[in-house]
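Visitor: Make a model of this:
(2 chains)
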Amino acid sequence: MVRDSRQVKGGTSLDKKVAFDEDRCKGCELCIEACPKEIIHLAEHFNSKGFHPATVTAEDQAKCTTCLLCARMCPDTVIEIFRPDRVAR
Amino acid sequence: MSVKVFERPKALSDVIFHYCPGCTHGVIHRLVAEAIDELGVQGKTIGVASVGCSVLAYNYFNVDFQQAAHGRAPAVATGIKRCLPDRTVFTYQGDGDLASIGTAEIVHAAMRGENITVIFVNNAIYGMTGGQMAPTTLIGQSTTTSPGGRKPERAGRPIRMSEMLSQLEGAAYIARVSTHNAAQVARAKQAIKKAFQAQADKKGFAMVEVLSTCPTNWGMTPREALKWLEENMLPVYPLGELKTEPGLPEPSAVKTTVPTREVKTE
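Guide: From the prediction side, this is the model:
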């Protein structure tokens, strides 16, 4: 199934540091294992493939340090990371 | 203004992987794609897919691909590289493919010093066919064809392909890396990039063995599988660079860049 990954669900905003492309997620929890801040959890709802997708609540977005560990461990490149008010590394 | 510091590499097609949840094939695919992106060789890369779970790799990499017969990917890659020496040619093979039916092809490709890059994914089991014992299966590991665990007196001991191939003079770069945590994934990325760089520098045969999980056939959750890999596979398959031809940069000298793209926000 070919999809457009550039369309991040929920759009991007200033305070959003970690964005999940929900329909790619298979709920494997490897990002939860990797997150040092323990802010990632599986959502209650199902995605189009029938998995509970990984997510971060709007309040917990502020706790994200954009360390990239979840994105590095994600086997399905679900996660995109945004670093606010900083120049690219 | 916020800056996107991590996104899907361009050398990966916009397709959802068919791999099981938590399978680290997806991580390794991304690392290979990132290495292709960073070296800027997407337009002239030709991959050779194996038989196994990664048989559909041509759907996932946004580069030219050829599907080889089971185990014969290094032989096919040899032909492609010799006909088109300016292309970056890599094979992506599992342990059932490379360490079992394809041992002749991989050993002789390394012996000849073919200037190709081999990504060898070792998860100690036959994944696609339903979890049978592979040559890389650990002693005591139960599989569908060794329900009481692998017994060395009947089935021998696990084969260490990296150690074996590093004895050959044609091999320029041989490394074993793992995917059981984010730090190891970052190291795996550096090793894969060096293996592609070795090909660009015409050093000879380069192989990276990546230890991977198979949660489905190991019968674990993906998180348990990462721990199982760390506790059981690492003692049998020690990590590190087994062979580095002089002239290849040290691991710390390889600059890892993160793809960046500015995103306009209100």
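
Visitor: all strands of chain A, in order?
Guide: Secondary structure of chain A, counting by DSSP state E: strands at A:18-20, A:41-42, A:54-55, A:79-84.

Visitor: Ok, which of those strands comes nearest chain B?
Guide: strand A:79-84 (3.9 Å; CB to the nearest CB). Glycine gets a C-beta too; all of them are placed from N, C-alpha and C.

Visitor: Now that closest one: buried residues?
Guide: A:79, A:80, A:81, A:82, A:83 (16 or more other CB atoms under 10 Å in any protein chain shown).

Visitor: Looking at those residues, which is nearest residue B:148?
Guide: For the buried residues of strand A:79-84, the minimum distance to residue B:148 (CB to CB) is 40.6 Å, reached by residue A:79.

Visitor: quick one: the closest one and residue A:34 touch, right?
Guide: No: look at residue A:79 against residue A:34 with CB atoms under 8 Å: they stay out of range, at 10.0 Å.

Visitor: Mutual contacts of those two, please.
Guide: Residues touching both residue A:79 and residue A:34 (CB atoms under 8 Å, 6 or more residues apart in numbering or on different chains) are residue A:70.

Visitor: near chain B, from the buried residues of strand A:79-84?
Guide: Within the set of the buried residues of strand A:79-84, contact with chain B (CB under 8 Å from any CB of the partner chain) is found for A:79, A:80, A:81, A:82, A:83.

Visitor: Lowest-confidence entry in those residues?
Guide: Minimum pLDDT for these is recorded at residue A:83 (88).

Visitor: May I have the beta-bridge partners of that one?
Guide: Residue A:83 forms beta bridges with residue B:3, as assigned by DSSP bridges.

Visitor: Can you give me every residue that contacts the residue most central in space within chain A?
Guide: By CA atoms, centre = their mean, chain A has its centre lying nearest to residue A:20, at 3.2 Å. By CB under 8 Å, 6+ apart, the contact list for residue A:20 reads A:9, A:53, A:54, A:55, A:56, A:78, A:79.

Visitor: I'd like to know which of those residues are buried.
Guide: Neighbour-count burial (16+ other CB under 10 Å) applied to the contacts of residue A:20 gives A:53, A:54, A:55, A:56, A:78, A:79.

Visitor: Would you state the helices of chain A in chain order?
Guide: Ranges of helices in chain A, per DSSP state H, are A:30-34, A:69-73.

Visitor: Please disregard the earlier target; I meant the stretch 1-150 of chain B.
Guide: Secondary structure of the stretch 1-150 of chain B by DSSP state H, counting those that start in this stretch: the helices cover B:25-39, B:57-60, B:73-83, B:95-96, B:103-112.

Visitor: Please name the nearest non-neighbouring residue to residue 81.
Guide: You didn't say which chain, so I picked chain A. Once flanking residues are discounted, residue A:81 sits nearest to residue B:6: 3.9 Å by CB to CB, 6 or more residues apart in numbering or on different chains.

Visitor: That was the other one, I meant chain B.
Guide: In space, residue B:81 comes closest to residue B:89 once its chain neighbours are excluded; the distance is 4.4 Å by CB to CB, 6+ apart.

Visitor: Distance-wise, check that neighbour relative to residue B:76.
Guide: Noted for residue B:89: a distance of 9 Å to residue B:76, by CB to CB, to the nearest Å.

Visitor: between these two, which one's more packed in?
Guide: The residue with more neighbours, out of residue B:89 and residue B:76, is residue B:89; 28 against 21, by other CB atoms under 10 Å in any protein chain shown.

Visitor: That one contacts residue B:200, correct?
Guide: No: in this structure, residue B:89 is not within contact of residue B:200 by CB under 8 Å, at 11.3 Å.

Visitor: overlap in contacts of residue B:89 and residue B:76?
Guide: By CB under 8 Å, 6+ apart, residue B:89 and residue B:76 have these common neighbours: residue B:48.

Visitor: For residue B:223, which of the helices of the stretch 1-150 of chain B is the nearest?
Guide: Smallest distance to residue B:223 across the helices of the stretch 1-150 of chain B (CB to CB): 14.2 Å, for helix B:25-39.

Visitor: interface residues of the stretch 51-200 of chain B facing chain A?
Guide: The stretch 51-200 of chain B comes close to chain A at residues B:181, B:182, B:185, B:186, as judged by CB under 8 Å from any CB.

Visitor: so the second one makes contact with residue A:74?
Guide: Read it as residue B:182. No: contact between residue B:182 and residue A:74 fails when scored by CB under 8 Å: they sit 10.0 Å apart.

Visitor: so what sits against both of those two?
Guide: Taking CB under 8 Å, 6+ apart as the contact rule, residue B:182 and residue A:74 have no neighbour in common.
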